[in-house]
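Chemist: The following block contains a protein sequence and its predicted model.
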Amino acid sequence: MNQVARQVKKAGRAVAKAKASQPVRKVQVTLGDLIAAAFDVAGETKAAAKLVSSRSMSVATGTHIVVVA
């Protein structure tokens with residue numbers, strides 16, 4: 001443990017940055033699964049639709065979902 005701490009201290013931010021930006025494993029989720037999970041969390045149809053079509057969900061999924069009621 002001391003050896004790792006020394007390496008990070010000597011190298012500075014470059015090593016810490018490299019460790020923090022490891023690739024994320026992609027998971028494939030269907031639209032139905034996404035809507036079902038939003039409904040489980042929100043509890044109501046309107047709240048689930050608002051959650052699925054939110055800006056943060058668009059950023060997370062990489063697509064913009066529009067709910068037409």
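Modeler: Perfect, I can see it now. Numbering: from 1, shown residues only.

Chemist: Residue 49 against residue 68, yeah?
Modeler: No - Residue 49 lies out of contact with residue 68 (CB atoms under 8 Å); the separation is 9.3 Å. In short, each C-beta sits where N, CA and C put it, glycine included.

Chemist: Can you list the low-confidence ranges for the protein?
Modeler: Where the chain drops to pLDDT under 70, the residues are 1-23.

Chemist: how about the strands in it?
Modeler: Using DSSP state E, the chain contains no strands.

Chemist: And the helices in it?
Modeler: Remark: helices assigned in the chain by DSSP state H are 2-11, 13-20, 31-42, 45-52, 55-61.

Chemist: out of residue 49 and residue 68, which sits in the busier spot?
Modeler: Remark: of residue 49 and residue 68, residue 49 carries more neighbours, 19 against 4, as counted by other CB atoms under 10 Å.

Chemist: show me the contacts for that one.
Modeler: 38, 67, 69 (CB atoms under 8 Å, 6 or more residues apart in numbering).

Chemist: from these, which would you call buried?
Modeler: residue 38 (16 or more other CB atoms under 10 Å).

Chemist: ok, of the contacts of residue 49, which one's closest to residue 30?
Modeler: Nearest to residue 30, judged by CB to CB, of those is residue 38 at 12.8 Å.

Chemist: Contacts only, for the closest one.
Modeler: Contact partners of residue 38, counting by CB under 8 Å, 6+ apart, are 48-49, 51-52.
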